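Got a predicted structure plus its sequence, pasted below:
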Amino acid sequence: MTCYEFAIHSFELLNIKTHVMKKIITTIALLLSFFSSSQNYDYIWTGLVNEDWSNSLNWMNSAGNIDGLIPNSNHNVLCPSNAFNPLKSFPEGSECNTLTIDASYNTFVVQSNVPTNHLVCNSLIVDNSNGIYGVQINSGKIEVLGDLLNKGYIRLIGGEFKIHGNVGNYSYFFVYSNALVDVNGNFNNEISSTLSYLRLVSNSEISIAGNLNWNETIALYPNSKMHVDGNITMGASSNAIIHNGSEIYCKGNWDAALASNFTPNVSSKVIFNGDSQQFCNLGYGNNNYFQNVEVNKPNDTLIILQDEVMINGDFDLTQGVLKIENATLDVNGDFNSLNPFSKVVFSQASSRLELSGVNNTIAGGVSNNGTVCYDRVGDQSIATINYFNLEIENEGVKNITNSWVNWIWNDLHVFTQAEFEIDGFLFLNGQNILSEGVLKINESIFYALNQSGSFIVNSTGSINFTDNSNEGRLLLRS
């Protein structure tokens, strides 16, 4: 061996020894850092050999030893962010009691990339000191039999994430389109010192069997869906980002009396699909409104509880009952109810339904109480049903066309600049009939039956018989 070759060989040996020494020193430092906080954990993930849960050489026990065992369902486990390798492989049978993931550094500590992965833990804690990362699932399954506490970053790109208990979310919880996410308990989007953020990216979906306690930010991107079997409660600090085509399904009550920013985009929808009564309070006046709403369960009764609830788009009463208490439901789009068994119920004289859509259908009719007001600025069709109180407001022709007899059982009020056009038969039995606008009678019969009532056309009002056949009739019972 020449001197040159000897020198090269010696240098290579030195490099190898240096590398080994570095690894030994790093391992010792790592073990010491683990051991200092290991009293609360039975096993600590080191990832010393590879990324596989089932390899016992990747685990250190609370005494600081590698004992040749892997955790079971009785053991509390820590996965630190400074392990040699992240945890990526956990075959069927991988389990522990409480799994704590330290998300102190900018790396995903647990990354599920294997389709056959299945990790089961009784509870899961994603902790965060400085960083934001924690868990990412691309494929495979992580199952939490109890509760999840998230203070890091959970990113669900694919696979399955199932929580049998409750979720306490204080940080980032992102759901992508290929992920299956089920929460059997409540989802609590808590007030956080940083940002509590549930985000459903486009075409994604989440199912929550319990309640949704909505504090801070929840974002639904285009065509995403959120199913909530319990109540939805929006706190004073709640923030909603609701994009086009997204849907929220609610089986419980909707309480947003404290909310100040619920302004969903056009074509988004809230579907009330409960099996009994559902109370709705949106806190009108706090910059809150629904975009489109549907009630679609036969045994469901959606109750507008108090104040005013605004719907910027359409209201579809597909099945079930709409009940308005001491409140006003203001629908800017069309009111669509083709089901003759779906009725609008007014529980009090102060109950109001205000309709601004062009076309309105209420096949099941309204109860003998409350007021329906048609107030579109422009022409508008009026549902051909019986009314208790009927109001006609704003510019444009409001037309009712029927082939049978319809009744107004109490008061009719046509406001200034409004035109109420009748094609058919309309009987009035109320105490007060006041026209400050135009009453147009087209080959029709308009019959006021109440002998003790008043029929007043003031100085701004008029009555027009618009046909040429002399068939139009205004009859006042004496």
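Sure, I can see it. Residues are numbered from 1 along each chain as shown.

residues of stretch 173-187 that come out buried?
By neighbour count with 16 or more other Cβ atoms under 10 Å, stretch 173-187 contains the buried residues 173-176, 179-187. Using the backbone N, CA and C atoms, a C-beta is placed for each residue, glycine as well.

In strands, which of those residues appear?
Counted as lying in strands by DSSP state E, out of these, are 173-175, 180-183, 187.

circling back to that earlier point, show me which of the buried residues of stretch 173-187 is closest to residue 398.
residue 187 (44.5 Å; Cβ to Cβ).

Is the closest one bridged to anything, and to what?
For residue 187, the beta-bridge partners under DSSP bridges are residue 167, residue 212.

TSV for the ones in strands among the buried residues of stretch 173-187, including pLDDT and distance to residue 460?
Shown next, in TSV, are these (pLDDT from 0 to 100; distance: Cβ to Cβ, whole Å):
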residue	pLDDT	distance to residue 460
173	95	58
174	97	59
175	98	57
180	98	62
181	98	59
182	98	61
183	99	59
187	98	55
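
Just the closest of these to residue 116, please.
Nearest to residue 116 among these: residue 180, at 15.6 Å, using Cβ to Cβ.

so that closest one bridges to which residues?
Applying DSSP bridges to residue 180 yields these beta-bridge partners: residue 160.

Pull the contacting residues for it.
Residues in contact with residue 180 (Cβ atoms under 8 Å, 6 or more residues apart in numbering) are 159-162, 205.

Likewise for residue 245?
222-223, 267-268.

Next up, identify which helix or strand it is on.
If you go by DSSP states H and E, residue 245 is not part of any helix or strand.

Name the SS class of residue 83, please.
Judged by DSSP: H, G, I helix; E, B strand; the rest coil, the three-state class of residue 83 is coil.

Count the neighbours of the residue lying closest to it once chain neighbours are set aside for me.
Sequence neighbours aside, residue 47 is the residue nearest to residue 83 in space, at 4.0 Å (criterion: Cβ to Cβ, 6 or more residues apart in numbering). Applying other Cβ atoms under 10 Å, we find 22 residues neighbouring residue 47.

Residue 47 against residue 60, yeah?
No: using Cβ atoms under 8 Å as the test, residue 47 is too far from residue 60 to be in contact (10.5 Å).

Please report how far the most centrally placed residue in the chain lies from residue 271.
A centroid search over the chain (Cα atoms, centre = their mean) returns residue 248, at 3.9 Å, as the residue closest to the centre. Per Cβ to Cβ, to the nearest Å, residue 248 is found 7 Å from residue 271.

Spell out the residue ranges of the helices in the chain.
Here the chain has its helices, by DSSP state H, at 3-36.

What's opposite residue 172 in the beta bridge?
Residues in a beta bridge with residue 172, per DSSP bridges, are residue 153, residue 197.

List the contacts of it.
Contact analysis of residue 172 by Cβ under 8 Å, 6+ apart lists 132, 150, 152-155, 195, 197, 199.

Report the residue spans of the stretch 251-400 of the chain with pLDDT below the cut-off.
284-286 (pLDDT under 70).

if we can go back for a sec, out of the contacts of residue 180, who's the most crowded?
Within the contacts of residue 180, most neighbours by other Cβ under 10 Å means residue 161, with 25 neighbours.

Tell me which residues of the lengthiest strand in the chain come out buried.
If you go by DSSP E, the chain has its longest strand at strand 292-311. Residues 292-297, 300-311 are the ones in strand 292-311 that count as buried (16+ other Cβ under 10 Å).

Make CSV from the contacts of residue 172 and add distance to residue 230 and pLDDT to it.
Below are the contacts of residue 172 laid out as CSV (distance: Cβ to Cβ, whole Å; pLDDT from 0 to 100):
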residue, distance to residue 230, pLDDT
132, 29, 64
150, 19, 94
152, 26, 88
153, 26, 89
154, 21, 94
155, 25, 94
195, 24, 81
197, 21, 92
199, 21, 97
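
For PyMOL, what selects the buried ones among those residues?
A single PyMOL command suffices to select whichever of those are buried according to 16+ other Cβ under 10 Å:
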select buried, resi 132+150+152+153+154+155+197+199
